[in-house]
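Asker: Using only what follows, build the 3D model:
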Amino acid sequence: MGARPAASARPGYRRLWLDAASAVGADVSEPGGGFIEFRRGGCAVRVWGSWVPLDDLVTLRFADDKLLSRRSLEAAGLPVPAYSVFDRGDPRPAREFLAEAPGSCVVKPAGSSGGSGATSGVRTDKALRRALLRAGRLDDRLLIERQVPGDLYRLLFCDGELLDVIRRLPPRVTGDGRSTVGELVAAENSRRLAAAGGERVGLLRLDLDSALTLEQAALHHTSVPARGVVVAVKTVVNQNSSRDNVNVLEEVSGELVSEAAAAVAAVEVRLAGVDLITPDPGRPLSAAGGAILEVNGTPGLHYHYEVSNPERSVAVCVPILERLLAVAEEASKA
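Answerer: Below is the predicted model:
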C-alpha cells in the first residue's frame, strides 16, 4: 500500500480517537504499537491511525489499484480523466498519449496511493522521461492521464453516508520580496516542525512535481517572488498544510455528492475518501467538466481536522467510531 502505513501511524491520531471515544462513551486501552482499543457494552474494536476494521485487505488492495478501480468507475458511467496504462520498460504508449493532444498530463504509479511518485504538469518528452523514472521506483505498471482543470475535493463517506467535504489546494508559499522559493519552502517546513511540537510532521519537498509546477509559472526554486505574491509550489496536494485545506461541506451540490457516492459503491469500499477535480462543485461533474480521480480505501482522517476554517471542521472520527462499535454490537448478537 505504498507509504501509507507510516503516514497513518502519525501521533496526532491518538488525540483524535481519544476525543471520539469520549464523545461516544467508549472505554479506551492502548496495547502498544500505535493501536487503540475501544470497549462499550461488552464489545471491542481496534484501530491504528486511519486504519479501521471496516474493509478487508482484498478490498483495500483493489481500491489502491488505480487501473482496476478506474475500470469500475468507468463501468458505472462515471467521468474519469482520459488515461493510458503501460509498463515501466515500454514507455511508448505514454509518449503516444502525450503527443495526442496539447496540455498537461499526470504520471503516477498504478498501484500506489496518497500521491506517492506522482508528477503533474508533464508536457514534454523530457519531463515525461523524468516522471517515468520517479514513478517507476514504486511500481512496474505506470499510468498517464490528462490533467483536469479545477480544484481537488475530498468527499469522505462511511457506509454510504457523507461525513465531510474539504477542498484541498496545492501547497503554497507567500513571497516576502527577499527570499527565494527554496528559502520560503525551508521557512514553511520550519513553521510546520515548530507547530508539531515534536511530533512527526509532513514536510514540503522540492521535487520534480514542484519543478514543473514552478516552470509553468515561469519560476524556479531560486526565483524571488514579490511581497504578498502567493506561489503554488506543487500541484500534487499530499504535502499541503492546514492552511491549504478548506471545509466546504455546505458548498457542494447534491448531484456531485451522488456521483461521489456512486464511485464508492462501484469500488465497494465502506470507509472511503473520494478524490475528484472540478471547476465548480455546485454542478454535476459531467456538466462542469470535472472527473473522479480515485477512491481511497484508507483515507487520511486528519485532513478533516486540519483546515483553514476550523470553526467548520467536522470531527469525523466520532461517527466512524460509532459505526465501528455498532458493527461490533451487531456481530455479537448474531
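Asker: nearest residue to H220 other than its sequence neighbours?
Answerer: Closest residue in space to H220, ignoring its immediate chain neighbours: L214 at 5.9 Å, by CB to CB, 6 or more residues apart in numbering. In this view, the C-beta of every residue, glycine as well, is placed from N, C-alpha and C.
Asker: pretty sure the one you found is touching T222, no?
Answerer: No. Assessed by CB atoms under 8 Å, L214 is found out of contact with T222, at 9.9 Å.
Asker: who has more neighbours, those two?
Answerer: A count of neighbours by other CB atoms under 10 Å puts L214 above the other of L214 and T222, at 21 against 10.
Asker: ok so, going back, shared neighbours, L214 and T222?
Answerer: Common contact partners of L214 and T222 (CB atoms under 8 Å, 6 or more residues apart in numbering): V181.
Asker: Endpoint to endpoint, stretch 300-311 covers what distance?
Answerer: 20 Å (CA to CA, to the nearest Å).
Asker: And that stretch, what's buried?
Answerer: G300, L301, H302, Y303, H304, Y305, E306, V307, S308 (16 or more other CB atoms under 10 Å).
Asker: give the contact list for the fifth one.
Answerer: By that I understand H304. With CB under 8 Å, 6+ apart, H304 has these contacts: L156, L163, D164, I166, N247, S313, V314, V316.
Asker: Need those in JSON lines (columns: secondary structure, distance to E183 and neighbour count).
Answerer: Conversion of the contacts of H304 to JSON lines gives the following (DSSP: H, G, I helix; E, B strand; the rest coil; distance: CB to CB, whole Å; neighbours: other CB atoms under 10 Å):
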{"residue": "L156", "secondary structure": "strand", "distance to E183": "35", "neighbour count": "27"}
{"residue": "L163", "secondary structure": "strand", "distance to E183": "39", "neighbour count": "21"}
{"residue": "D164", "secondary structure": "strand", "distance to E183": "35", "neighbour count": "24"}
{"residue": "I166", "secondary structure": "strand", "distance to E183": "29", "neighbour count": "27"}
{"residue": "N247", "secondary structure": "strand", "distance to E183": "31", "neighbour count": "20"}
{"residue": "S313", "secondary structure": "coil", "distance to E183": "31", "neighbour count": "19"}
{"residue": "V314", "secondary structure": "coil", "distance to E183": "35", "neighbour count": "17"}
{"residue": "V316", "secondary structure": "coil", "distance to E183": "36", "neighbour count": "21"}
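Asker: Closest one of those to N238?
Answerer: Taking CB to CB as the measure, N238 lies nearest I166 of the contacts of H304, at 13.5 Å.
Asker: you'd agree the closest one is up against E250?
Answerer: No. I166 is not in contact with E250 according to CB under 8 Å; the separation is 12.0 Å.
Asker: May I see the buried residues of stretch 43-55?
Answerer: Neighbour-count burial for stretch 43-55, counted by 16+ other CB under 10 Å, picks out C43, A44, V45, V47, W48, G49, S50, W51, V52, L54, D55.
Asker: As CSV, these with secondary structure and pLDDT would be great.
Answerer: Output for these, formatted as CSV (DSSP: H, G, I helix; E, B strand; the rest coil; pLDDT from 0 to 100):
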residue, secondary structure, pLDDT
C43, strand, 93
A44, strand, 95
V45, strand, 97
V47, strand, 97
W48, strand, 95
G49, coil, 93
S50, coil, 93
W51, strand, 95
V52, coil, 97
L54, coil, 96
D55, coil, 96
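Asker: For the stretch 201-334 of the chain, which residues score under the pLDDT cut-off?
Answerer: Along the stretch 201-334 of the chain, no part satisfies pLDDT under 70.
Asker: show me where it has helices.
Answerer: According to DSSP state H, counting those that start in this stretch, the stretch 201-334 of the chain carries its helices in the segments 208-216, 254-267, 285-288, 317-333.
Asker: outside of the third one, which residues touch it?
Answerer: Same thing as helix 285-288. Here helix 285-288 makes contact (CB under 8 Å, 6+ apart) with L78, P79, G150, L256, E259, L276, T278, P279, D280, P281, A291, I292.
Asker: which residues touch the third one?
Answerer: The neighbours of G150, taking CB under 8 Å, 6+ apart as the test, are I277, T278, P279, D280, A288, G289, G290.
Asker: what's the distance between the first one and R154?
Answerer: Noted for I277: a distance of 11 Å to R154, by CB to CB, to the nearest Å.
Asker: Which of those two has more residues huddled nearby?
Answerer: R154 (22 against 19).
Asker: next one: phi and psi at the more buried one?
Answerer: The phi and psi torsions at R154 (degrees, to the nearest 10) take the values phi -110, psi 120.
Asker: Hmm, it is touching G273, no?
Answerer: Yes. Counting by CB under 8 Å, G273 is a contact partner of R154 at 5.3 Å.
Asker: can you list residues touching both of the two?
Answerer: With contacts taken as CB under 8 Å, 6+ apart, R154 and G273 have P299 as neighbours in common.
Asker: so G121 is in which element?
Answerer: strand 119-122 (DSSP states H and E).
Asker: Which stretches in the protein count as strands?
Answerer: Ranges of strands in the chain, per DSSP state E, are 27-32, 35-40, 43-48, 83-87, 105-109, 119-122, 141-146, 151-158, 161-168, 172-174, 230-232, 245-247, 271-278, 291-296.
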